[in-house]
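Chemist: What follows is a predicted protein model with its sequence.
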Amino acid sequence: MSRLLDQLSNTLEKRREIAKLRRLVINPQDAIDFSSNDFLGLAYSGAFRDAFLNELHSLDNILGSTGSRLLDGNSLYAEDLERTLARFHRAESALLFNSGFDANAGLFSTVPQKGDVIVYDALVHASVHEGMRISRAGLRVSFRHSDVDDLIRILKNVQQSHPDKNVFVAVETVYSMDGDIAPLREIVAAIRECWPAKDNGFLIVDEAHSTGVFGKNGRGVVAMYGLEDEVFARLHTFSKALASNGAAILGSPILRNYLINYARPLIYSTFMTHSSLASIKCAYSLLESGSTIQMQKHVHLLTKRFRQTIRLPIGTLLPSPSPIQGIVLNGNAPVRALATYLNKKGFTVKPICSPTVPKGHERVRICLHGHNTLEQVDALVDAVHLFFGSQKDTAANGIPLEQPKL
Ligand SMILES: Cc1ncc(COP(=O)(O)O)c(C=O)c1O
């Protein structure tokens, strides 16, 4: 083996020893999905499949995109879709990216100008960190998760220390691992308190996990609160509830034009295929026509049922009103034990271990979906109760089930 392969395999071995080795898994076909981000159940929807296949037939033979958006990849079809997205979400303009990761990386790496400040929620997604890491921002500072007092304290400090700089506040509407909703109105008020003239403080909101799930016809949390005009940029991903790939950044035409000129993930990558665009177009047609409203209602009903029926030691269930629920057990081994137990009972759930979440906050992430039934939720809750009942205060493999310190 070459020295390099030796080094790679030693590093992997170290990960394995500390139980942090990541591996690809294929979910059993017959297991009940309480894990995926297919919140509305569109990934297996016959109506969506039919609409998509019809749309493909109407594409005049073109499937690929044939190049970067800036070379041959652009099309009237893509621009029409962007206009549809902007209208649906009540934004001035929309710009498509190949993925939510690309969109966040492109936005955060380019828009903050030299010496600007980014104030971000401690739990923002890795893609925001990716962008911030290579941005020209002079200061990147996190505030405690969804803690508006902490945000205000930091904004006031930053106002003093960087009076002539742009300040960007980065949050998610529904947090991907905790499922809680950001106190968006309070965050907007905090920014307005510091910059009443809307001149130096800019809110950037990631709606990855609220798209399709919250707001009228799934428009998201910003729309649910009527805050469209208060947000500098919004990210909507199509990869979760919309059973597609890609994302759009909503904002002003100047922002759109700037990103077209500077966002490297958009400039130096082949644009998404026409089949991907068709999938997004069909998903938005379903949202707009109201076809997904029933699924949207159903997933919130299931969330309510799950939270009302589950009985867990205090502090173990994360306080989430969204379809993303978390059972927190302190340590990778206990969450793996619970996930394995539920997997054996026929439920697909995943342990979310540190370092993906901070140490002490390891959890089994449970997602509810439009395609789940009340009976399935009840069966899952029973299985969780059985696990806790049979464990008393020790997990199956002898690991103590300590209470999380949240
Ligand atoms: C909050 C958040 N933003 C962005 C992304 C990236 O989106 P995509 O999967 O479309 O790349 C994710 C994906 O998990 C996410 O959870």
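Modeler: Yep, it's here. Here the structure is a predicted model, which means the values were calculated and not measured.

Chemist: so where's the stretch 301-406 of the chain shaky on pLDDT?
Modeler: Applying pLDDT under 70 to the stretch 301-406 of the chain picks out residues 391-406.

Chemist: For the ligand, what is the nearest residue in the protein?
Modeler: Closest to the ligand within the chain is G100: 2.3 Å, counting by Cβ to the nearest ligand atom. (Glycine included, C-beta is placed from N, CA and C.)

Chemist: Get me the contact residues on the stretch 201-350 of the chain for the ligand.
Modeler: Proximity of the stretch 201-350 of the chain to the ligand (Cβ under 6 Å from any ligand atom) is limited to residues D206, A208, T237, S239, A247.

Chemist: the helices in the chain, which residues?
Modeler: 3-17, 46-57, 76-88, 100-110, 126-133, 148-161, 184-194, 221-224, 253-262, 264-267, 274-289, 293-309, 332-344, 374-391 (DSSP state H).

Chemist: that older thread, which pLDDT value belongs to the residue of the chain closest to the ligand?
Modeler: pLDDT, G100: 98.

Chemist: start the count at 39, not 1, going forward
Modeler: OK, 39 is where the count begins now, so the last one is G138.

Chemist: which residues touch G153?
Modeler: If a contact means Cβ atoms under 8 Å, 6 or more residues apart in numbering, then G153 has R174, A175, G176, H200, K203 as its contacts.

Chemist: follow-up on the earlier one: among the residues of the stretch 239-388 of the chain next to the ligand, which lie within strands?
Modeler: D244, T275, A285 (DSSP state E).

Chemist: Turn the residues you listed into TSV, columns for neighbour count and pLDDT.
Modeler: Formatted as TSV, those follow (neighbours: other Cβ atoms under 10 Å; pLDDT from 0 to 100):
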residue	neighbour count	pLDDT
D244	30	98
T275	28	98
A285	29	98
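
Chemist: Not counting sequence-adjacent ones, nearest residue to T347?
Modeler: Of all residues not flanking T347 in the chain, V419 sits nearest, at 4.9 Å (Cβ to Cβ, 6 or more residues apart in numbering).

Chemist: Run a quick neighbour tally on that neighbour.
Modeler: Using other Cβ atoms under 10 Å, V419 has 19 neighbouring residues.

Chemist: for the one 5 residues further on, same thing?
Modeler: Residue crowding around L424 was assessed by other Cβ under 10 Å; the count is 13.

Chemist: And it, how close does it get to N368?
Modeler: 21 Å (Cβ to Cβ, to the nearest Å).

Chemist: quick revisit: take the contacts of G153 and lay them out in TSV including neighbour count, pLDDT and distance to the ligand.
Modeler: Below are the contacts of G153 laid out as TSV (neighbours: other Cβ atoms under 10 Å; pLDDT from 0 to 100; distance: Cβ to the nearest ligand atom, whole Å):
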residue	neighbour count	pLDDT	distance to the ligand
R174	12	97	22
A175	24	97	19
G176	15	97	24
H200	16	94	26
K203	19	96	25
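
Chemist: Tell me which two in those residues are the farthest apart.
Modeler: Spanning the widest gap among these are R174 and H200, at 13.4 Å by Cβ to Cβ.

Chemist: list the residues that contact both of those two?
Modeler: Taking Cβ under 8 Å, 6+ apart as the contact rule, R174 and H200 both touch G153, D154.

Chemist: circling back to that earlier point, packed most tightly, which of the helices of the chain would that be?
Modeler: Across the helices of the chain, averaging neighbours per residue (mean count of other Cβ atoms under 10 Å) puts helix 138-148 on top, at a mean of 25.

Chemist: thought A116 was touching L134?
Modeler: Yes: the criterion here is Cβ atoms under 8 Å, and A116 meets it with L134 at 6.2 Å.

Chemist: Can you check which residues contact both of these two?
Modeler: Common neighbours of A116 and L134 (Cβ under 8 Å, 6+ apart) are R107, F309, L315.

Chemist: residues contacting S137?
Modeler: T275, S277, N283, G284, A285.

Chemist: how about 7 Å then?
Modeler: By Cβ atoms under 7 Å, 6 or more residues apart in numbering, the contact set of S137 is S277, N283, G284, A285.

Chemist: any idea how far D88 is from N99?
Modeler: With distances taken as Cβ to Cβ, N99 is found 20 Å from D88.

Chemist: just L133 next, same as before
Modeler: Applying Cβ to Cβ, the value for L133 to D88 is 29 Å.

Chemist: can you check F426 too?
Modeler: 43 Å.

Chemist: before we move on, what about D188?
Modeler: 49 Å.

Chemist: Same check on R174?
Modeler: With Cβ to Cβ as the criterion, R174 and D88 are 47 Å apart.
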